[in-house]
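**Q** need the 3D shape of this:
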Amino acid sequence: MGRARVQAPLVDLRVSARGPVLLTNLASIAMGFALFSSQIAFPQMLEMPRQAGGMGLSLLQASLVLMPSGLAMLAMSPLAGRLERTWGPKPLLVVGAAVIACGYLIAVAVDLRSQHVLAINLLIGIGIGLGYAAMPTLIMRAVPDTETGAANGLNTLMRSLGTATASAAIAAVLAGSATMVGTESAPSPGGFQSAFVFGLAAATVCTGIALTIPRPRYHPGEHEALDPA
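**A** A predicted model of the protein is given here:
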């Protein structure tokens, strides 16, 4: 509830409705969806038997293909901080989302092999590392210092909403496309293609939203958490 009824609300909805905060949260949902679209689809594709249209890798082999994505996110942390000081957080979020979209574009356009999956996941890891680094700064530049914890907590919740939605949606797409291969059911190639299209759409939406995030406005009587300049 807003301050009009509650003196010290846990989350001030009027602050959350400010343009930079609201659009950053919407971009967070889309980026979270884009992240988990790959994390649901690629492990199944890598480990499915070749006769079912998969790559027939063992669990260890599939893990080694997917692991560099997490390492890329880790490696981007110090670089993202430097880039943010040079470019600002908004361009960093735009670039991160665009890099993820490029990864999914490759997934949609190419007949995938394990090396392609590794490269695509690297791009997604780089994009997530850039985008997630930019979001807290975008939030804190637009809220008073008394709202930093609540505002960033809400942003984290929005990311989780995106990942949870992707888990359900992509699982439903893959399950809905399942066909019988011998005595077992497995997702069809068309199901994986649809999952990648969903990821591409989410990354593209995130890029578009990030481009529209406005500069924070000055609010008399407030002390900004971060200098918006």
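**Q** for this structure, where's the lowest mean pLDDT among helices and strands?
**A** Using mean pLDDT, DSSP states H and E, strand 179-181 stands out as the lowest-scoring helix or strand of the chain, at a mean of 72.
**Q** burial of S77, as a residue count?
**A** Counted by other C-beta atoms under 10 Å, the residues lying close to S77 total 12. Quick note: C-beta positions are derived from backbone N, CA and C, even for glycine.
**Q** again with A166
**A** 26.
**Q** tell me where the chain has helices.
**A** 13-16, 19-47, 59-87, 89-109, 114-140, 148-176, 189-211 (DSSP state H).
**Q** out of those, flag the one nearest R217.
**A** When the helices of the chain are compared by C-beta to C-beta, helix 19-47 sits nearest R217, at 8.0 Å.
**Q** what mean pLDDT does the closest one get?
**A** Mean pLDDT, computed over helix 19-47, is 93.
**Q** that one: how far from the chain's middle?
**A** Centroid separation for helix 19-47 versus its chain: 3 Å, with C-alpha atoms, centre = their mean, to the nearest Å.
**Q** also stretch 135-153?
**A** Distance, stretch centre to chain centre, for stretch 135-153: 19 Å (C-alpha atoms, centre = their mean).
**Q** list the buried ones in that stretch?
**A** 135-144, 147-148, 150-152 (16 or more other C-beta atoms under 10 Å).
**Q** hey, C-alpha coordinates of it in CSV?
**A** Extracted as CSV, the C-alpha positions of stretch 135-153 are listed here (Å, rounded to 0.1, in the frame of the first residue of the first chain):
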residue,chain,number,x,y,z
MET,A,135,19.9,-3.1,-12.9
PRO,A,136,20.8,-2.1,-9.3
THR,A,137,22.4,1.1,-10.5
LEU,A,138,19.3,2.0,-12.6
ILE,A,139,17.1,1.4,-9.6
MET,A,140,19.2,3.3,-7.0
ARG,A,141,19.6,6.3,-9.3
ALA,A,142,15.8,6.6,-9.3
VAL,A,143,14.8,6.0,-5.7
PRO,A,144,15.5,7.9,-2.4
ASP,A,145,18.2,6.5,-0.1
THR,A,146,15.5,5.2,2.2
GLU,A,147,14.1,2.9,-0.4
THR,A,148,17.2,1.2,-1.8
GLY,A,149,16.7,-2.1,0.0
ALA,A,150,13.0,-2.4,-0.8
ALA,A,151,13.5,-1.2,-4.4
ASN,A,152,16.3,-3.6,-5.1
GLY,A,153,14.5,-6.4,-3.3
